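*Asks:* sequence and predicted structure below; questions after.
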Amino acid sequence: MLKNPSQPARLLTVQTSFKQRGVVLLIAMIILIALTLAGVALLRSVDTANIVAGNMSFHESATQAGERSTEAAINNWLGPKTLAKSPLLNSHNAANGYRAVRLDPSAGQSWDAFWSATLAAQAITGATDAAGNTVSYVVQRLCDAEGTPTAVNCSKPPSTDTGGSFGAGAVSPITNSQVYYRVTTRIVGPRNTVSYIQTIVAL
């Protein structure tokens, strides 16, 4: 008679223990899922940071390659021709990627579209360097037409005035023979990196 009342108590204890174990398992699974999601998010953020850093490195490499090409275009061809006052500067010279007339993109046209449509056929393209960058450039004289700078309208640095020796207080202008030239350089690098550099020089 004394044993029977205790049996429901033991059964109740066992069932309560089973319920507690199920709640702990559910909480543990929720925590594991949260940790897994946090780990995946961390990996994705690290991958994104690495991709951004790599793209910045490619862009910097492309810019440096473009600067070297621009310097070569100015020092090896444009500079010597302007010092010698070469008539080659008065007309187009496809062999050196040179145009004696200024060309600009139309309204709403990007430089990349303008390059593909107009400048690509006139550009000088060098060999691909060790970093995988291929550089092309076009030199344009900022003039409205072909011909000598004295006969056509060209963009020039402003002239300065100085005192003359023919009379006290007289002012005589110094004529400036320099003309503006624009070097547009396009660099295509790894991972479809495309960069443009423009340099305007007065020579």
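*Replies:* Cool, got the structure.

*Asks:* residue boundaries of the strands in the protein?
*Replies:* Remark: strands assigned in the chain by DSSP state E are 98-99, 124-125, 134-141, 161-163, 171-173, 180-189, 193-202.

*Asks:* which of these has the lowest mean pLDDT?
*Replies:* Note on those: lowest mean pLDDT is at strand 171-173, with a mean of 47.

*Asks:* give me the beta-bridge partners of the spatially most central residue of the chain?
*Replies:* By Cα atoms, centre = their mean, the mean C-alpha position of the chain lies nearest to S195, the distance being 3.7 Å. Beta bridges link S195 to I187 when assigned by DSSP bridges.

*Asks:* so what's it up against?
*Replies:* 59, 62-63, 66, 186-187, 189 (Cβ atoms under 8 Å, 6 or more residues apart in numbering). Every residue, glycine included, has its C-beta placed from N, CA and C.

*Asks:* in those residues, find the pair that's most separated.
*Replies:* H59 and R186 (13.5 Å; Cβ to Cβ).

*Asks:* more neighbours, the two?
*Replies:* Legend: neighbour count by other Cβ atoms under 10 Å for H59 and R186, higher for R186 (24 against 16).

*Asks:* ok, now how distant is that one from N75?
*Replies:* 19 Å (Cβ to Cβ, to the nearest Å).

*Asks:* ok, L26 next?
*Replies:* 74 Å.

*Asks:* same deal with C154?
*Replies:* C154 is 22 Å from N75, by Cβ to Cβ.

*Asks:* more neighbours: the two, which one.
*Replies:* Set C154 next to N75 and count neighbours by other Cβ under 10 Å: C154 wins out with 21 against 10.

*Asks:* which pLDDT value goes with the more buried one?
*Replies:* Confidence score, pLDDT, at C154: 92.

*Asks:* same question for the one 5 residues further on.
*Replies:* We note a pLDDT of 70 for S159 in this prediction.

*Asks:* and it, how many neighbours does it have?
*Replies:* S159 has 11 nearby residues by other Cβ under 10 Å.

*Asks:* W77 against L89, yeah?
*Replies:* No: counting by Cβ atoms under 8 Å, W77 stays clear of L89, with 10.1 Å between them.

*Asks:* which of those two has more neighbours?
*Replies:* Between W77 and L89, counting by other Cβ under 10 Å, L89 is the more crowded of the two (22 against 19).
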